[in-house]
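**Student:** I need the structure of the sequence given here:
(chains A and B)
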There are 2 protein chains.
Amino acid sequence: MKWLDAVNWNPDGLVPVIAQEGDTGTVLTQAWMNREALERTATTLEAHYWSRSRRRLWRKGEASGHVQKVREIRLDCDNDAILLIVEQTGGIACHTGRHRCFFQRLEDGAWRVVEPVLKDPQSIYGKSDHGKEPLKGRRPAGDDHGTGNG
Amino acid sequence: MKWLDAVNWNPDGLVPVIAQEGDTGTVLTQAWMNREALERTATTLEAHYWSRSRRRLWRKGEASGHVQKVREIRLDCDNDAILLIVEQTGGIACHTGRHRCFFQRLEDGAWRVVEPVLKDPQSIYGKSDHGKEPLKGRRPAGDDHGTGNG
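**Tutor:** Got it, this is the predicted structure:
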């Protein structure tokens, strides 16, 4: 489709995506889409992303229920970044159980966590890895931030 | 510095950056930083980016005067995306003379321009290429969107 062709996909066939909460203006997440993810997002009006770590399409909220309902899809001036305006189901966008992923702020030369955990990730995903959603980023599972993102 | 080492730089040594206007919540721009750009941004509290097309550091507003004064620097859960909360000098973040770069909205299978040009880019940058700021993206100059970004 012509509107998909207009996107300036990177050499890996991806485009960076920003998810912003419509009602609050909060920037929730930065993730990635391939062509199929963007097409499905536009068709279903639920955010779909490409997981670079697991190399698979991923419907946001598929494990957690924390679906992002899409109100608007925007493209920037260079056609190489997407902005989604969303409603965040459950009020939790981050796999750590926080409202949003940008919870670390630079203060006096250190990153400090400045937003609370609203829900224990174990109660979102269960204790095992089974059913967890893929990482949005490149970092492998096993560190503080790498256990999922849904 | 330790806080710079915490960032999960991509294989090209870059990290995607979102600039959000503090007073309005508007997502202005998506751009890229290398380590030096992030360090200078934190030191000067003015946004510095890495231009991938011209392969050089670029102080936002260096040609246009449309500097981004930085109130907050945030990092996401995977340490691979940065969010800046900024004051946008002149109220224009986009090289097209618009308030922000995300001025195209998907409507009925087409990208439509939904935000006005506030200032003629020629009056921002002059008629020649001289003094223009680098592209933030990969697209070469010469198309509608590729004449600069400042």
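
**Student:** How about residues contacting the longest helix seen in chain A?
**Tutor:** Across chain A, the longest stretch assigned as helix under DSSP state H is helix A:35-44. The contact list for helix A:35-44 (C-beta atoms under 8 Å, 6 or more residues apart in numbering or on different chains) reads A:1, A:4, A:7, A:9, A:13, A:15, A:33, A:46-50, A:57-59, A:70, A:73, A:82, A:84, B:106. Yep, even glycine has a C-beta here, placed from its N, CA and C like the rest.

**Student:** for stretch A:10-24, same thing?
**Tutor:** Residues contacting stretch A:10-24 (C-beta under 8 Å, 6+ apart): A:7-9, A:26-35, A:38, A:47, A:49-50, A:52, A:60, A:68, A:71-72, A:80-88, A:93, A:100, B:16, B:18, B:25, B:27, B:30, B:138.

**Student:** Helix or strand, whichever it is, which one in chain A has the lowest mean pLDDT?
**Tutor:** Scoring the helices and strands of chain A by mean pLDDT, DSSP states H and E places helix A:121-125 at the bottom, with a mean of 88.

**Student:** In that helix, which residues are buried?
**Tutor:** A:121, A:124-125 (16 or more other C-beta atoms under 10 Å in any protein chain shown).

**Student:** Please apply the same query to stretch A:9-27.
**Tutor:** Those would be A:9, A:14-21, A:26-27, for stretch A:9-27 by 16+ other C-beta under 10 Å.

**Student:** need the residues you listed in TSV with pLDDT, can you?
**Tutor:** Below are the buried residues of stretch A:9-27 laid out as TSV (pLDDT from 0 to 100):
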residue	pLDDT
A:9	98
A:14	98
A:15	98
A:16	98
A:17	98
A:18	98
A:19	98
A:20	98
A:21	98
A:26	98
A:27	98
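
**Student:** What average pLDDT does the longest helix of chain A get?
**Tutor:** Taken as a whole, helix A:35-44 has a mean pLDDT of 98.

**Student:** Using PDB, list the CA coordinates for it.
**Tutor:** The C-alpha trace of helix A:35-44 is given here as PDB (Å, rounded to 0.1, in the frame of the first residue of the first chain):
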ATOM      1  CA  ARG A  35       5.900  -3.000   7.700                       C
ATOM      2  CA  GLU A  36       3.600  -5.800   8.900                       C
ATOM      3  CA  ALA A  37       3.400  -4.300  12.400                       C
ATOM      4  CA  LEU A  38       2.400  -0.900  11.100                       C
ATOM      5  CA  GLU A  39      -0.100  -2.400   8.700                       C
ATOM      6  CA  ARG A  40      -1.700  -4.500  11.500                       C
ATOM      7  CA  THR A  41      -1.700  -1.400  13.800                       C
ATOM      8  CA  ALA A  42      -3.600   0.600  11.300                       C
ATOM      9  CA  THR A  43      -6.000  -2.200  10.500                       C
ATOM     10  CA  THR A  44      -6.800  -3.200  14.100                       C
END
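
**Student:** Wait, a helix at residue A:112?
**Tutor:** No - residue assignment for residue A:112, taken from DSSP: H, G, I helix; E, B strand; the rest coil, gives strand, which places it outside any helix.

**Student:** ok, now which ones touch the closest residue to it other than its chain neighbours?
**Tutor:** Spatial nearest neighbour of residue A:112, excluding adjacent residues (C-beta to C-beta, 6 or more residues apart in numbering or on different chains): residue A:105 at 5.7 Å. Neighbouring residues of residue A:105 by C-beta under 8 Å, 6+ apart: A:111-112, A:114, B:72-75.
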